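Asker: Next input, structure requested:
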Amino acid sequence: MGPVTRLAAVLIIVATLTTTSSPAGAADRDDDRRPNVIIVLADDLGWAELGCYGNRFNETPHLDRMAERGTRFSHAYSAAPVCSPFRASLLTGQWPVRVGITDYLRPTESRHLPLELTTIAEALQSTGYATGLIGKWHLTGYRTAGVKNEVLPDRHGFDEVIVSENASIGGVSYFHPYHFNRGVERRLFPAEENPTAAKQIPNFDVREFLVDRLNVEAVEFIERHQDRPFLLYKSHYAVHTSLNAPEQRIAKYRDKPGAATERQGKPNNIHLAGQLEAIDEGVGMIFEKLEQLRLSDNTIVIFMSDNGGESNVTSNAPLRAGKSTLYEGGIRVPLIVDWPGRGTAGSVCRKPVCSVDIYPTLLAAAGLKADSAAEAEDPIVDGKSLLPLIDNPRASLDRQAIYWHYPLEKPHFLGGRSAGAVRQGDWKLIEFFDTGQIELYNLPDDPSETNDLANTYPALAKILRKDLAEWRTATGASIPAGQKVER
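Answerer: Reported below is the predicted structural model:
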């Protein structure tokens, strides 16, 4: 698909979405009054880590206030239990299996986010938005690892790419110099060398801490683009292992009851708490800057995690298991949307939603109009706009089910197995490809997935398994040779 056809495809998507779910007054909005969009991602942050989700150990006052102002989703899902496929789903609105990325990409991986797909950055960029990515990409292999066709964010619609990786991110280094990109120059220095930066950052450390650096870059991006609509995709590397944070960020957590002081300790991991508090402070810095520049009333802020927490460093309780699994602890994630003028402050939506829904939501929010796109192909968007749920948390989306496809040649090092899953209403079925086993859970009654009902309700299990099989056929999903699925 060429550039002209791709743009036409974007306009078809926009025309479809805005016809049914545009914000009030969007059609009358001047281009430079379209809402700014800020997406803040945490990496491997479990569903139960934020105060507004019930955590009483970690301190997240800014995110908690964000939930008080906006809408908190209690049953939000990542489209995958690991990083890269989630990011593909967020940026394109498609199930990861359609994109061709169903597992995290290794540094030597020849695959990348396909250039023929239109990302949310490209869609908004084509209509005049300034677009920027700060931080993690993880949707390509890297030249530094011998890959010839490295595809970085600038080729997917991001005007500015800041403190992002060009090498493996495994075992993330949180202090400068960053091993994932040796070319990133240090900017934050001790007070005697840079007093302004030291005053700007709470708990400033003599070393440059990665989360602090991303926080400062974010507010500077907002300052640079305050006079035009912008998309800021701020993608943290934290709280990915190996956990690390400045001592002054974690010191206060050591004395809290139940504190786990080892980096592999859980629950109440003080190193995770220190990283998370720094992420939270960055959210506070963003809102403070928006208020200062009088942009608060016209900026949508979204906070989300890419998948569940690693179960070897944290507890996802009451959810089962963690990252790399299709149990709730691996795929249910925090999602908060602060959208001034929409919905009721402090709303909690209990409807199942998914990362594929962010793409159509933001297209609709931008209030874009179709131009001339009669000859364009009709692009696939698997997600549904969340506008109805933001306006009324009890509303419904026009979607039958949410699906997962996670085929693995061998078990993930964190314990995940080759599997697929479907959630339809209150029910969730998991099908394990390595054994052919199925499990069935009623999530409202059993959020910890301790009571497998596949033998109790065999007819329902058969229906859901058939639905999952039909979805695999429709999306072209495949599984490793020798593994078993229902056909």
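Asker: C-alpha from now on. contacts and neighbour counts both.
Answerer: OK.
Asker: Would you map the helices across the stretch 151-300 of the chain?
Answerer: Assigned by DSSP state H, counting those that start in this stretch, the stretch 151-300 of the chain shows helices spanning 195-200, 210-224, 247-254, 270-292.
Asker: will you turn these into JSON lines that also has mean pLDDT and mean neighbour count?
Answerer: Formatted as JSON lines, the helices of the stretch 151-300 of the chain follow (pLDDT from 0 to 100; neighbours: other CA atoms under 10 Å):
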{"stretch": "helix 195-200", "mean pLDDT": "56", "mean neighbour count": "14"}
{"stretch": "helix 210-224", "mean pLDDT": "97", "mean neighbour count": "20"}
{"stretch": "helix 247-254", "mean pLDDT": "94", "mean neighbour count": "16"}
{"stretch": "helix 270-292", "mean pLDDT": "98", "mean neighbour count": "22"}
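Asker: Please convert these to a markdown table, extending it with distance to T119.
Answerer: Putting the helices of the stretch 151-300 of the chain into a markdown table (distance: least, CA to CA, whole Å) gives the following:
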| stretch | distance to T119 |
| --- | --- |
| helix 195-200 | 33 |
| helix 210-224 | 20 |
| helix 247-254 | 36 |
| helix 270-292 | 24 |
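Asker: what's the closest of these to T299?
Answerer: Closest to T299 of these, according to CA to CA: helix 270-292, at 8.0 Å.
Asker: Quick check: which helices or strands does that closest one pack against?
Answerer: If contacts are counted by 3 or more CA pairs under 8 Å, 6 or more residues apart in numbering; DSSP states H and E, helix 270-292 sits against helix 61-69, helix 210-224, helix 247-254.
Asker: how much space between the spatially most central residue of the chain and W137?
Answerer: Centroid-nearest residue in the chain, with CA atoms, centre = their mean: D306, separated by 4.0 Å. Distance of D306 to W137, given as CA to CA, to the nearest Å: 12 Å.
Asker: can you check G482 too?
Answerer: With the distance defined as CA to CA, G482 ends up 33 Å from W137.
Asker: So which residues of the stretch 351-487 of the chain form strands?
Answerer: For the stretch 351-487 of the chain, applying DSSP state E, counting those that start in this stretch gives strands covering 353-354, 402-406, 419-424, 427-432, 438-442.
Asker: pretty sure L272 contacts L243?
Answerer: Yes - if you go by CA atoms under 8 Å, L272 and L243 touch, sitting 6.2 Å apart.
Asker: Overlap of the contact sets of D306 and W137?
Answerer: Counting by CA atoms under 8 Å, 6 or more residues apart in numbering, the common neighbours of D306 and W137 are R87.
Asker: what would the strands of the stretch 351-487 of the chain look like in CSV with mean neighbour count, mean pLDDT and distance to R207?
Answerer: Shown next, in CSV, are the strands of the stretch 351-487 of the chain (neighbours: other CA atoms under 10 Å; pLDDT from 0 to 100; distance: least, CA to CA, whole Å):
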stretch, mean neighbour count, mean pLDDT, distance to R207
strand 353-354, 26, 98, 37
strand 402-406, 24, 98, 39
strand 419-424, 22, 98, 42
strand 427-432, 23, 98, 45
strand 438-442, 21, 98, 48
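Asker: where in the stretch 251-400 of the chain is pLDDT low?
Answerer: 368-378 (pLDDT under 70).
Asker: Roughly how far does N307 sit from D398?
Answerer: Counting by CA to CA, the gap from N307 to D398 is 24 Å.
Asker: These two: who's more crowded?
Answerer: Neighbour count, other CA atoms under 10 Å: between N307 and D398, N307 has more, with 32 against 9.
Asker: Report the separation between that one and A421.
Answerer: 15 Å.
Asker: Same question for G343.
Answerer: Taking CA to CA, one finds G343 at 31 Å from A421.
Asker: Over to Y406?
Answerer: From Y406 over to A421 (counting by CA to CA), the distance is 9 Å.
Asker: Could you do A48 as well?
Answerer: Separation of A48 from A421 (CA to CA): 22 Å.
Asker: do the same with A238
Answerer: Noted for A238: a distance of 27 Å to A421, by CA to CA.
Asker: and if you look at D306?
Answerer: 18 Å.
Asker: tell me the contacts of N392?
Answerer: Neighbouring residues of N392 by CA under 8 Å, 6+ apart: G343.
Asker: ok, so what distance separates it from A238?
Answerer: Distance of N392 to A238, given as CA to CA: 32 Å.
Asker: Which pLDDT value goes with the closest residue to Q275 other than its chain neighbours?
Answerer: Leaving aside its chain neighbours, Q275 sits nearest to A245 (5.8 Å; criterion: CA to CA, 6 or more residues apart in numbering). The per-residue pLDDT reported for A245 equals 93.
Asker: Same check on I169?
Answerer: Reading off the confidence values, I169 has pLDDT 89.
Asker: Find the nearest non-adjacent residue to it, please.
Answerer: In this structure, I169 finds its nearest non-sequential neighbour in F180, 5.4 Å apart by CA to CA, 6+ apart.
Asker: ditto for G70
Answerer: Nearest residue to G70, sequence neighbours excluded (CA to CA, 6+ apart): D338, at 4.1 Å.
Asker: what separates the one you found from N149, distance-wise?
Answerer: D338 is 38 Å from N149, by CA to CA.
Asker: neighbour count winner among these two?
Answerer: With neighbours defined as other CA under 10 Å, D338 and N149 compare such that D338 has more, 24 against 14.
Asker: ok, now how distant is that one from S396?
Answerer: The gap separating D338 from S396 is 20 Å, by CA to CA.
Asker: that older thread, who are the contact partners of the residue nearest to the centre of the chain?
Answerer: Contacts of D306 by CA under 8 Å, 6+ apart are L41, A42, D43, D44, L45, S78, P81, V82, C83, F86, R87, V333.
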